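Trainee: sequence plus predicted model, see below.
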Amino acid sequence: MLFAAGPTPFVRDMGGFVVRPNLPGWPKPWPTDHGHGPLAMVVELFLVPGRLIAMHAHCNDEIISWVPRGVMRHEDMRSGRLVVDQTHLLVMNAGSGFSHSEQTLKTDPPLRMLQILIRPRAVDLPPMVQHGALTQSAPNTWRHLCGPEGTGAPFFVRNRVDMFDIRLTSGTETAFPAASGSDIYFYVFSGLVRIRRRTLGEGHVGLILGNSNSTLTAGAAAVVVAFLIRPGAPLTRKGTVADSHDIPHPCSERQPCDFCAQGTDYLGGLSRAKTCSSCCFFKVLKIDKRFRPGDTSPSDLSSH
């Protein structure tokens with residue numbers, strides 16, 4: 001079963017630092033969790049050149065930083081300064097506590113990247129940082145980036161989530177990674193893809209329940225990220241960001257908002273509720289309602 005959704009309507013601009021959180025559980029018609037099993041959130045980030053995100057703390061978050069274009073400069077007291085780009089991956093296993101900063105230099109290009117928030121299997125695990133070179137990406141082939149601890153994946157997180165990326169040439173068809181008992185969540189970073197008679201573009205997401213051997217066809221050159229998730233894996237919901245108290249229950253406090261009034265179809269036509277799941281999320285996170293899906297892009301950021 002496929003649940004697909006368009007670009008997230010949640011946008012927060014903090015002055016050259018723009019955040020677009022994608023919530024894997026919310027494409028379902030009546031979600032009970034903003035995440036899906038141990039996968040809590042896939043956050044699209046934009047940073048203009050010369051922007052610093054000051055030192056800040058995480059606890060009980062497993063954070064993967066994936067940078068397909070641009071450069072993200074990380075610093076923490078444990079590892080010092082690290083560079084994350086299209087050839088390097090960073091995994092922060094925050095555990096009992098970890099602080100870091102991120103920035104771009106004025107000479108760096110505009111940054112667009114993903115940060116993936118995963119719920120660990122238990123609270124207060126030892127904090128650690130993994131940083132290293134990625135294997136070269138082969139066209140039209142899934143590249144395994146990260147997986148559960150102890151499985152031999154290039155980088156690891158401490159729960160049952162595997163992460164893959166792929167660069168597809170136009171017209172190519174490929175099957176998603178599959179494993180018994182796992183679901184798939186995917187994010188179209190760029191390009192155009194077709195799956196089960198649905199056409200999905202940049203920023204679109206999909207949740208596939210069950211091991212269904214689904215295939216993906218590139219309608220144009222595309223970059224896609226996919227996650228294999230064991231939905232019933234033991235987990236903790238104590239993450240600073242992954243399960244922040246600022247994220248409401250997706251079915252709570254449903255009240256009409258300007259998105260509902262204008263007929264925003266975040267659920268891709270799968271559910272036609274009278275109100276949308278974004279209402280209380282906008283209130284709690286204080287996201288500027290002047291933004292609409294698609295308003296913010298790297299070209300927009302250059303004017304800040």
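Mentor: In hand now; what should we look at?

Trainee: geometric centre of this protein: which residue is closest?
Mentor: Nearest to the geometric centre of the chain sits Val42, at 1.5 Å (C-alpha atoms, centre = their mean).

Trainee: same for the helix or strand hosting that residue, what does it pack against?
Mentor: Here Val42 sits within strand 39-47, counting by DSSP states H and E. Applying 3 or more C-beta pairs under 8 Å, 6 or more residues apart in numbering; DSSP states H and E, we find strand 39-47 packed against strand 17-22, strand 111-118, strand 183-195, strand 215-229, helix 298-301. Every residue, glycine included, has its C-beta placed from N, CA and C.

Trainee: between it and strand 17-22, how many degrees?
Mentor: 150 degrees (axes from the mean of the first three to the mean of the last three C-alpha atoms, to 10 degrees).

Trainee: circling back to that earlier point, most packed of the helices and strands packed on strand 39-47?
Mentor: strand 111-118 (a mean of 24; mean count of other C-beta atoms under 10 Å).

Trainee: run the angle between that one and strand 17-22 for me.
Mentor: Using the same axes, to 10 degrees: strand 111-118 against strand 17-22 is 40 degrees.

Trainee: show me what the next helix or strand after strand 111-118 is in contact with.
Mentor: Where DSSP H and E defines the elements, the next helix or strand beyond strand 111-118 is strand 128-133. The contact list for strand 128-133, computed with C-beta atoms under 8 Å, 6 or more residues apart in numbering, reads 74, 76, 78-79, 82, 84, 87-93, 95, 98, 154-156.

Trainee: so which of the residues you listed belong to strands?
Mentor: If you go by DSSP state E, the contacts of strand 128-133 have 74, 76, 82, 84, 88-93, 98, 155-156 in strands.

Trainee: next, format the helices and strands packed on strand 39-47 as CSV and append mean pLDDT and distance to Thr141.
Mentor: Formatted as CSV, the helices and strands packed on strand 39-47 follow (pLDDT from 0 to 100; distance: least, C-beta to C-beta, whole Å):
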stretch, mean pLDDT, distance to Thr141
strand 17-22, 93, 24
strand 111-118, 97, 20
strand 183-195, 97, 16
strand 215-229, 97, 12
helix 298-301, 36, 27
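
Trainee: distance to Phe46 for these - can I get that in CSV?
Mentor: Formatted as CSV, those follow (distance: least, C-beta to C-beta, whole Å):
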stretch, distance to Phe46
strand 17-22, 4
strand 111-118, 5
strand 183-195, 13
strand 215-229, 16
helix 298-301, 5
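
Trainee: so which of those is nearest Leu145?
Mentor: Leu145 lies closest to strand 215-229 among those, at 8.5 Å (C-beta to C-beta).

Trainee: now the strand holding Val42: buried residues?
Mentor: Leu39, Ala40, Met41, Val42, Val43, Glu44, Leu45, Phe46, Leu47 (16 or more other C-beta atoms under 10 Å).

Trainee: got it, and stretch 148-167?
Mentor: For stretch 148-167, by 16+ other C-beta under 10 Å, it's 148-149, 154-167.

Trainee: which member of those residues is positioned nearest Pro68?
Mentor: Using C-beta to C-beta, the buried residues of stretch 148-167 come closest to Pro68 at Asp165, 7.6 Å.

Trainee: beyond the strand or helix carrying that closest one, next helix or strand please.
Mentor: With elements taken from DSSP H and E, the one containing Asp165 is strand 161-168. Using DSSP H and E, the helix or strand that follows strand 161-168 towards the C-terminus is strand 173-175.

Trainee: note down every partner strand of that following strand and its orientation.
Mentor: strand 215-229 (antiparallel) (DSSP bridges).

Trainee: could you tell me the angle between the partner strand and strand 161-168?
Mentor: 160 degrees.

Trainee: about what we covered before: what angle separates the strand holding Val42 from strand 183-195?
Mentor: Going by the same axes, to 10 degrees, strand 39-47 makes 50 degrees with strand 183-195.

Trainee: past strand 39-47, which element shows up next along the chain?
Mentor: Assigned by DSSP H and E, the successor of strand 39-47 is strand 52-58.

Trainee: so who does the spatially closest residue to Gln103 that is not a sequence neighbour touch?
Mentor: By the measure of C-beta to C-beta, 6 or more residues apart in numbering, the closest residue to Gln103 outside its immediate chain neighbours is Leu52, 4.2 Å from it. By C-beta under 8 Å, 6+ apart, the residues touching Leu52 are Ser101, Glu102, Gln103.
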